[in-house]
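>>> Here is my input, please return the structure:
(one chain, ligands or ions: 1)
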Amino acid sequence: MEKLVRFLLAFLALKATLASPRFSRQAELDTYDDTNYDVDIENLELENQDMYDYEEGLGENPEMEIGTVPPPDHSYPSPGASLEEEEEEREYEEEMPLRAKHVQQGSGDSGVLMGPNTQKGMPTCLLCTCLGTSVYCDDLKLDSIPPIPKETTHFYARYNRLTKLHKSDFAFMSKLKRIDVTANDISSVDEGAFSTLPALEELVIRENHVSQLPALPVTMTLIDASHNEVDTRGIHKEAFKDMAGLLYLYLTDNHLDYIPVPLPDSLRSLHLQRNNIQSMHEDTFCNLQDFNYIRNALEDIRLDGNPVNLSRTPQAYVCLPRIPIGALV
Ligand SMILES: *[C@@H]1O[C@H](CO)[C@@H](O)[C@H](O)[C@H]1NC(C)=O
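Predicted coordinates for the structure are as follows:
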């Protein structure tokens, strides 16, 4: 028992230590204006260095006390957090709602280092964590996407409170390769939000309330929209046909009642567990006109949890390296 108490005390003390810089950082931030962020970028060489190098760099400049603050604590809320802590958290929220600004999207106007300013005048890379060209805005209670530095290649905003993705959120982000907005409350996405991103390869929009999958560029390699409310009408006709490099298509736990054909030959994994797919066609995967056609890549098809009897269409799998997983009885 004594051990347990000691452990708890140590844990709380650790938590307090971890949490406090966040609060004091805010106080510091409020007294600084934008000009304090003018750091000598050439001497910093942020590219491909980790956060600790970056902080040491800042530490050399005595005026840049702000740089000695550790990166934001990204741990998810612990179920054991005491009421007191929760209270504190709420006060903090009221003082400083972390709302991002809608203008200046991707304008990068306050310099490469800290990224563009958010609504509160805080540069995105202080609100979020920027490592090289990756930007991590996980678990920050965000209700909109902050302006992202133009050179960003990987963007993460998991475990936030986003409800909608706008076309302007990622406009002109010509380097963006991966967007991950797992576990938000997104129920709508502007039709053009992703379609004009020339380098986009991976979209992870798992665990949201999306019913319409917007148009995606043909450069996609991975699409994960599992645990949403996508139904048959929510996917464009032949949406995936021209994605010649598509490898992974994950649509588990949605409301689809058909397999979104045609699927590109590149596809390796198709996950459609727990949808409402009731029928399978003989030409869903294979080509009935050409019996020499082999779909080598597609070795992982999951159809379990759908009301479909795979035994009814034995010809549908002749071109596949493996029979799909699902009910065969
Ligand atoms: C599934 O299809 C096979 C082949 O047509 C049939 O023999 C079997 O009874 C079907 N099973 C169910 C549960 O409908």
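
>>> Residue 252 reaches residue 272, doesn't it?
Yes - using Cβ atoms under 8 Å, residue 252 is in contact with residue 272, at 6.8 Å. Glycine gets a C-beta too; all of them are placed from N, C-alpha and C.

>>> Please, which helix or strand holds residue 301?
Secondary structure assignment for residue 301, by DSSP states H and E: strand 300-302.

>>> Can you tell me which helices and strands that strand packs against?
If contacts are counted by 3 or more Cβ pairs under 8 Å, 6 or more residues apart in numbering; DSSP states H and E, strand 300-302 sits against strand 269-271.

>>> Pull up the pairing partners for the strand it packs on, direction included.
Strand pairing for strand 269-271, using DSSP bridges, gives strand 248-250 (parallel), strand 300-302 (parallel).

>>> contacting residues around residue 275?
Contact analysis of residue 275 by Cβ atoms under 8 Å, 6 or more residues apart in numbering lists 251-257, 305-306.

>>> how about 10 Å then?
Residues counted as contacts of residue 275 (Cβ atoms under 10 Å, 6 or more residues apart in numbering) are 230-232, 251-259, 303, 305-308.

>>> For it, give me the pLDDT.
We have a pLDDT of 97 for residue 275.

>>> ok, now the one 10 residues further on?
The pLDDT attached to residue 285 in the predicted structure is 96.

>>> ok, it touching residue 299?
No - here residue 285 lies out of contact with residue 299, judged by Cβ atoms under 10 Å, at a distance of 11.4 Å.

>>> out of these two, which sits in the more crowded spot?
Legend: neighbour count by other Cβ atoms under 10 Å for residue 285 and residue 299, higher for residue 285 (24 against 13).

>>> between residue 252 and residue 272, which one's more packed in?
residue 272 (27 against 18).

>>> That one and residue 261 touch, don't they?
No - at 11.7 Å, residue 272 does not count as touching residue 261 under the criterion of Cβ under 10 Å.

>>> between residue 285 and residue 299, what contacts are shared?
Common neighbours of residue 285 and residue 299 (Cβ under 10 Å, 6+ apart) are 267, 270, 320.

>>> Can I get those in a markdown table including neighbour count, pLDDT and distance to the ligand?
Formatted as a markdown table, those follow (neighbours: other Cβ atoms under 10 Å; pLDDT from 0 to 100; distance: Cβ to the nearest ligand atom, whole Å):
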| residue | neighbour count | pLDDT | distance to the ligand |
| --- | --- | --- | --- |
| 267 | 21 | 98 | 26 |
| 270 | 22 | 98 | 21 |
| 320 | 17 | 96 | 18 |
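
>>> low-confidence ranges in the stretch 101-250 of the chain?
For the stretch 101-250 of the chain, applying pLDDT under 70 flags the ranges 101-113, 119-121.

>>> how close does the residue of it found nearest the ligand sit to residue 271?
The nearest approach of the stretch 101-250 of the chain to the ligand comes at residue 232, 22.5 Å away (Cβ to the nearest ligand atom). Residue 232 sits 17 Å away from residue 271, going by Cβ to Cβ, to the nearest Å.

>>> Could you check which of those two has the larger neighbour count?
In terms of neighbours (other Cβ under 10 Å), residue 271 is the more surrounded of residue 232 and residue 271; the figures are 20 against 14.

>>> can you pull the pLDDT of the more buried one?
Confidence score, pLDDT, at residue 271: 98.

>>> list the contacts for residue 218?
Applying Cβ under 10 Å, 6+ apart to residue 218 gives the contacts 195, 200, 240-246, 264.

>>> Sticking with the closest residue to residue 317 other than its chain neighbours, tell me its helix or strand.
Among residues not flanking residue 317 along the chain, residue 323 sits closest, at 5.1 Å (Cβ to Cβ, 6 or more residues apart in numbering). Assigned by DSSP H and E, residue 323 falls within no helix or strand.

>>> Hmm, residue 323 is touching residue 300, no?
No - counting by Cβ under 10 Å, residue 323 stays clear of residue 300, with 11.3 Å between them.

>>> Look at those two and report which has more neighbours.
Neighbour totals were compared for residue 323 and residue 300, and residue 300 leads with 15 against 12 (other Cβ under 10 Å).

>>> Can you report how many residues neighbour the nearest residue to that one once chain neighbours are set aside?
Leaving aside its sequence neighbours, residue 300 sits nearest to residue 269 (Cβ to Cβ, 6+ apart; 4.2 Å). Residue 269: 16 surrounding residues under other Cβ under 10 Å.

>>> if we can go back for a sec, let's have the strands paired with strand 269-271 in CSV, adding distance to residue 188.
Compiled in CSV, those are given as follows (distance: least, Cβ to Cβ, whole Å):
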stretch, distance to residue 188
strand 248-250, 20
strand 300-302, 27
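
>>> So which of the ones you listed is nearest residue 208?
For these, proximity to residue 208 was assessed by Cβ to Cβ; strand 248-250 is nearest, at 13.3 Å.
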